[in-house]
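Engineer: A structural model of the following input is requested.
(one chain, ligands or ions: 2)
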Amino acid sequence: MNCSVAVIPGDGIGPEVIGQAVEVLDALGDKFGHVFHYAELPAGGRAIDAAGTPLPPETLEAVKQCHALLLGALGGPQWDGLPGHLRPERGLLDLRSGLGVFVNLRPAALLPQLAAACPLKDEVLAAGSADGKPGFDLLIVRELTGGIYFGDRGRSEDGASAFDTERYSRLEIERVLRAGYAAAAGRRKKLCVVDKANVLESSRLWREAAAEIAKEHPDIETSFLYVDNCAMQLIRAPGQFDVIVTSNMFGDILSDEASVLTGSIGMLPSASLAGIPTGAGKRRGAGGSAGAEPVMGIYEPIHGSAPDLTGTDRANPLAAILSAAMMLRYSFDLEPEAAALEAAVRAALDAGFRTPDIAGHSGGPEQIVGTGEMGAAVLKALETGE
Ligand code: IPM
Ligand code: MG
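Structural biologist: Ligands and ions are numbered 1, 2, ... in the order given. This is a model prediction of the structure:
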C-alpha cells in the first residue's frame with residue numbers, strides 16, 4: 001500500500017519523538033510491504049517564527065493532499081505572550097477544524113509492565129474492573145471541533161470582563177455519540193456520557209440526544225455521569241469505565257487525569273478522525289485486502305512539547321509510536337500492522353527498556369534509555385517479532 005503521511009514535527013520534544021515514530025514506520029513498511037511518503041510541514045511555534053502565523057495556509061492545503069497527519073506537539077513558553085489568535089495552540093485548533101476531525105479517541109489502559117507506575121492502590125484498581133483484578137482499559141471519545149474551544153469569546157471594551165461560549169448543535173453531539181457507540185460495539189459494550197447537565201443547557205441537549213441514540217443500541221449499556229463525579233470516579237474506580245463520550249473541554253481535562261493513571265503521559269497516543277471509526281479491519285473486503293479509501297486523521301501523542309525535556313534525549317517516544325499504530329489502524333485499515341507495532345512496544349517494555357518517565361517500577365532489571373534508544377528497542381522488537 002502507498003500511504004501519504006503529512007508530518008508536523010512541531011515544537012519542543014515534538015521533532016525528537018516524531019523522528020522515532022517515522023523510523024519505526026519505515027521499518028514496518030519494509031516488513032509488510034508498504035511505502036510511506038512523508039510531507040514535512042511547519043505549524044505552531046516554528047511556523048510563527050518563520051511565517052508569522054501558527055498555521056500557514058499552505059500547510060493546511062498540503063495536509064489535505066495527504067491521507068493522514070502525524071503531529072508532534074505545538075507550543076512553548078517563548079510564544080506564551082502572543083495574543084490568542086497567534087499562539088501555537090491556535091494552529092492546532094485550526095488544523096482540527098480545517099480537517100473536520102470531530103472525534104478524538106484517547107485510549108488509556110494500564111499495561112502490566114507499568115502497573116506499579118500507577119499512583120492508585122491495587123484495591124482501588126480492582127474496584128469495578130471487568131474481571132475484578134487490578135486494572136483498567138478505557139477510551140475517552142472527545143468531541144474535538146465544537147464547544148467552548150470554538151464558541152464566541154471576547155472582552156468587554158474596558159477589558160474588565162471576558163467571556164467564552166459553550167455551544168453545541170444537535171448534529172455535532174449526535175455524530176460524536178455515534179462514533180462512541182461504534183467504538184463501544186467493538187469493546188466491552190459500555191458507554192458513559194459525561195456532562196454537566198445539572199447546570200449547563202448544552203449538556204441537557206447532550207443528554208437528550210444521547211437518550212435517543214441509546215435506543216438504537218440496546219446491546220450497549222448507556223450511563224450518564226456529571227463531569228465532577230466522573231473526575232472522582234476515575235480515581236476511585238477507573239476499572240468501571242469502558243467508553244466515555246464527552247465534550248471538547250471535559251474530554252481535554254479528563255484525558256489528562258486518565259493519563260496519570262497509566263503511569264506516564266508519555267505513553268498515551270490519540271487519533272482525531274473525520275469519520276466514525278468502523279473498527280479495526282471492518283473496512284476490509286472479504287479477500288482481506290484493504291478495500292476502502294484511507295480516512296483522514298490526525299495522530300498525536302496527548303503530551304505537550306515539554307520544553308524542559310527538549311534536546312535532553314529524555315523524552316518518551318512511545319506515545320508518538322503508538323499514535324503511528326493508531327494511524328495504521330484507523331486511516332489505512334492496516335490492523336495486523338498496527339497490532340504488530342503495539343506488540344513491539346510491549347516487547348521493548350518486557351525487555352526492560354525504560355525512558356526516565358516510566359523507570360523504577362518494573363520490580364526487575366531495567367535499562368534506562370534515551371529517546372533514540374527506546375525507538376531502537378521498538379525497531380528491534382519489530383524486526384524480530386512475528
Ligand atoms: C490536548 C491539548 C490541546 C487541547 C491544547 C494544546 C490546545 O491540551 O490536545 O489535549 O486543549 O486540545
Ligand atoms: Mg489537553
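
Engineer: strands of the stretch 251-386 of the chain, start to end?
Structural biologist: For the stretch 251-386 of the chain, the strands defined by DSSP state E, counting those that start in this stretch occupy 271-273, 297-299, 353-354, 367-368.

Engineer: and the lengthiest helix in the chain, what's buried?
Structural biologist: The helix that spans the most residues within the chain, counting by DSSP state H, is helix 14-32. Buried residues in helix 14-32, counted by 16 or more other Cβ atoms under 10 Å: 14-25, 27-29. Using the backbone N, CA and C atoms, a C-beta is placed for each residue, glycine as well.

Engineer: show me what that helix is packed up against.
Structural biologist: On a contact count with 3 or more Cβ pairs under 8 Å, 6 or more residues apart in numbering; DSSP states H and E, helix 14-32 meets strand 2-10, strand 35-40, strand 68-73, helix 318-330, helix 335-350, helix 371-384.

Engineer: any idea how far that helix is from the chain center?
Structural biologist: 18 Å (Cα atoms, centre = their mean, to the nearest Å).

Engineer: between helix 335-350 and it, find me the angle.
Structural biologist: 120 degrees (axes from the mean of the first three to the mean of the last three Cα atoms, to 10 degrees).

Engineer: quick check: mean pLDDT of helix 14-32?
Structural biologist: Mean per-residue pLDDT for helix 14-32: 98.

Engineer: could you do stretch 333-351 as well?
Structural biologist: On average, stretch 333-351 scores 97.

Engineer: and it, what's buried?
Structural biologist: Those would be 333-335, 337-338, 340-345, 347-349, for stretch 333-351 by 16+ other Cβ under 10 Å.

Engineer: one step back: with distance to R90 added, can I get the helices and strands packed on helix 14-32 in a markdown table?
Structural biologist: Converted to a markdown table, the helices and strands packed on helix 14-32 look like this (distance: least, Cβ to Cβ, whole Å):
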| stretch | distance to R90 |
| --- | --- |
| strand 2-10 | 13 |
| strand 35-40 | 21 |
| strand 68-73 | 14 |
| helix 318-330 | 22 |
| helix 335-350 | 31 |
| helix 371-384 | 27 |
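
Engineer: now render these as JSON lines, adding distance to ligand 1.
Structural biologist: Shown next, in JSON lines, are the helices and strands packed on helix 14-32 (distance: least, Cβ to the nearest ligand atom, whole Å):
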{"stretch": "strand 2-10", "distance to ligand 1": "10"}
{"stretch": "strand 35-40", "distance to ligand 1": "21"}
{"stretch": "strand 68-73", "distance to ligand 1": "8"}
{"stretch": "helix 318-330", "distance to ligand 1": "12"}
{"stretch": "helix 335-350", "distance to ligand 1": "21"}
{"stretch": "helix 371-384", "distance to ligand 1": "21"}
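
Engineer: R106 is nearest to which of these?
Structural biologist: Shortest separation from R106 across the helices and strands packed on helix 14-32 is recorded for helix 318-330, at 10.1 Å, computed as Cβ to Cβ.

Engineer: residues in contact with D49?
Structural biologist: Applying Cβ atoms under 8 Å, 6 or more residues apart in numbering to D49 gives no contacts.

Engineer: contacting residues for the residue nearest to G84 when sequence neighbours are not counted?
Structural biologist: Spatial nearest neighbour of G84, excluding adjacent residues (Cβ to Cβ, 6 or more residues apart in numbering): R90 at 6.6 Å. Contacts here follow Cβ under 8 Å, 6+ apart; on that basis R90 touches P54, L55, G84.

Engineer: also near ligand 1: which of the residues you listed, exactly?
Structural biologist: With Cβ under 6 Å from any ligand atom as the criterion, the contacts of R90 include none near ligand 1.

Engineer: show the buried residues in these.
Structural biologist: For the contacts of R90, buried by 16+ other Cβ under 10 Å: P54, L55.

Engineer: could you export the strands of the stretch 251-386 of the chain as CSV, including distance to M232?
Structural biologist: As requested, those are exported to CSV (distance: least, Cβ to Cβ, whole Å):
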stretch, distance to M232
strand 271-273, 27
strand 297-299, 31
strand 353-354, 31
strand 367-368, 35
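
Engineer: quick one: contacts for the one residue in the chain that gets nearest to ligand 1?
Structural biologist: At 3.8 Å from ligand 1, E89 is the closest residue in the chain, using Cβ to the nearest ligand atom. Applying Cβ under 8 Å, 6+ apart to E89 gives the contacts P54, L74, G75.

Engineer: now distance to S264 and pLDDT too, for these, in a markdown table please.
Structural biologist: Listed next are the contacts of E89 as a markdown table, based on distance: Cβ to Cβ, whole Å; pLDDT from 0 to 100:
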| residue | distance to S264 | pLDDT |
| --- | --- | --- |
| P54 | 27 | 97 |
| L74 | 20 | 97 |
| G75 | 19 | 96 |
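
Engineer: before we move on, back to that, now, the most widely separated pair of the buried residues of stretch 333-351?
Structural biologist: D333 and L349 (26.5 Å).

Engineer: contact partners for the residue most central in space within the chain?
Structural biologist: Per Cα atoms, centre = their mean, the C-alpha nearest to the average position across the chain is that of S270, at 1.5 Å. S270 makes contact with N104, L105, R106, S255, Y299, E300, P301, I302, S323, M326 under the criterion Cβ under 8 Å, 6+ apart.
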